[in-house]
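[1] 3D model of this:
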Amino acid sequence: MDIGALHFQNPEAFWLLLFVPLLIALYVYRQQRRKSTIKFPALALAKKAVPSRRVKFRHIVPALRLAALVCFVVALARPQNAMEVEYTSTDGVDIMLALDVSGSMGTLDMLTRTEQAKLGVMNAERILKRGEYWKYSRLGYAQDVIAEFIGKRHSDRIGLSAFGARSFTQCPLTMDYGSLLEILKASDDLARDTLVNNRTAIGDGLMNALARLKMSDAKSRVVILLTDGRDNASVVPPVRAAEVAKSLGVKVYTVGVGKKNGKILAFQQNPWTGEISWGERDITPEEGIDEDVLKAIASKTGGRFYRAENKAELEKIYSEIDELEKTEIETIAYARYAEKFYPWLLVGALLILLELILANTRFVRIP
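    Here you go, the predicted structure:
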C-alpha cells in the first residue's frame, strides 16, 4: 500500500488503529463516571484552594500514550521510502564521417544572396590571405552541418576520416564529442594543403572509414560520405569499396555537395598589378559530381544518395539521416525500498518516556 511517497509493507497493521477511538471513548466514559470529593474543615479554606497543574494537564498523559500507540502501529506497518531505479540498455550506432577535404571544397557556390553580397563588398585579397572565405565554402558549410549532427547524438560512437588525394583517419570512433568537434573544425587546414593538388580518392576514403568499423560490434554501423567531386586518385575503386561495405554489413549514405551549373563567386588576379579582387566564373562540366558512382555506393549498401546545392538542403539531409539512424534505448525501471520505521519507533519510545516522567511528577501547589 502506498500513501504519498511512503510504501507500507504490512498495511494490515493499520487495523489496530481501530482501537484508538475505542480507547478514547473508554477514557471519556471513565472521566464522566469519576466523582472526586474533598473534605474541608472550613469553607474559607476551600475558597483558598487553587486548581493544581496536575488537574489542568490531566489529559496530557493519556494523549501521549495514544500518540505512542499510533507511532508503534505505523512502525509495525513498516513504512518504506520507494526509490525508482532505472537501468538503460543501449543499442548504439557506430558512425564514421568520411569528409572530402580536396581543394575544390573551398569553392564558394553555396552562398545565399545575402552572404554573396556581404563578401562582395569586403576586401578580396585580405579575405584570401587570412583564409576567412573557408567558412563560406562547401567545406565550411559541411563542417557546420556535421557539427550540428554530432550535437544531436548522445550515445553513439562517431569517428572522422578525411580524404583528398589520399585518405587518413582524423579521429577514431569515440564518444568524446568535444574532441571530435575540435578535430572537425581543423579540417579546413587539410583542405588548404590540397589546393594545388585537387585530387579526390573517394574509394580510399570509404575504405579508411570501413577499417575503423570492421572491429565494431555495434548493432548498426554507418558511413556518411560527403564529397563534391569525382574519384580520380583511389587505389580501391569506389564501387569495389562499396562491395566491401556490403560484406561487412555497413550502410553507406553518400552526400554530394555543390551546384550542378551556373556561376560561382571566385577570386581573380589582375595579371598586370597582381591585385586580388572578386569575380565570377562558370561551373565546368568536369567539376560536377559523379552521381552514378555515389548512387551505386549507396544502393549496394542499403543507404541513400543525397544532393545538396546549398546549406539549407545539406541541413535537411543530415537531419533525415539523424532520424533514420536513431539509437534504440531500452529502459528497465523497478522500485527499491528503504526502511523508514525506525523514526516511528524512536518517537513512540520518547512519547512513552515523557508519559512516565509526567505521570510520576507532582504538580500540586499548596497555597
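[2] Confirm Ala266 sits in a strand?
    Yes - applying DSSP: H, G, I helix; E, B strand; the rest coil, one finds Ala266 inside a strand.
[3] helix, strand or coil for Met215?
    Three-state call for Met215 (three-state DSSP): coil.
[4] any idea how far Ile317 is from it?
    The gap separating Met215 from Ile317 is 28 Å, by CB to CB, to the nearest Å. (Each C-beta comes from the backbone N, C-alpha and C, glycine too.)
[5] Between these two, tell me which one has more neighbours.
    Ile317 (22 against 7; other CB atoms under 10 Å).
[6] same question for the host helix or strand of the more buried one, mean pLDDT?
    Using DSSP states H and E, Ile317 maps to helix 311-324. For helix 311-324, mean pLDDT rounds to 94.
[7] Spit out the contact partners of Leu213.
    Contact analysis of Leu213 by CB atoms under 8 Å, 6 or more residues apart in numbering lists 94, 96, 173, 221, 223, 248, 250.
[8] can you tell me which of the residues you listed lies nearest to Asp156?
    The closest of the contacts of Leu213 to Asp156 turns out to be Asp94 (CB to CB; 6.8 Å).
[9] just checking, what packs against whichever helix or strand the closest one is part of?
    Per DSSP H and E: Asp94 is located in strand 93-100. Counting contacts by 3 or more CB pairs under 8 Å, 6 or more residues apart in numbering; DSSP states H and E, the secondary-structure elements packed against strand 93-100 are helix 138-152, strand 157-163, strand 167-174, helix 202-213, strand 220-227.
[10] I'd like those as JSON lines, with distance to Val70 and mean pLDDT appended.
    Formatted as JSON lines, the helices and strands packed on strand 93-100 follow (distance: least, CB to CB, whole Å; pLDDT from 0 to 100):
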{"stretch": "helix 138-152", "distance to Val70": "55", "mean pLDDT": "95"}
{"stretch": "strand 157-163", "distance to Val70": "57", "mean pLDDT": "95"}
{"stretch": "strand 167-174", "distance to Val70": "59", "mean pLDDT": "94"}
{"stretch": "helix 202-213", "distance to Val70": "66", "mean pLDDT": "96"}
{"stretch": "strand 220-227", "distance to Val70": "59", "mean pLDDT": "96"}
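[11] Make CSV from the ones you listed and add distance to Ala67 to it.
    Output for the helices and strands packed on strand 93-100, formatted as CSV (distance: least, CB to CB, whole Å):
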stretch, distance to Ala67
helix 138-152, 58
strand 157-163, 60
strand 167-174, 61
helix 202-213, 69
strand 220-227, 62
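[12] Among the ones you listed, which comes closest to Gly279?
    Comparison of the helices and strands packed on strand 93-100 against Gly279 by CB to CB identifies helix 138-152 as nearest, at 18.4 Å.
[13] And the residue nearest the centre of the chain, its phi and psi?
    In the chain, the centroid-proximal residue (CA atoms, centre = their mean) is His154; its distance is 5.4 Å. Torsion angles at His154 (phi, psi; degrees, to the nearest 10) stand at phi -130, psi -30.
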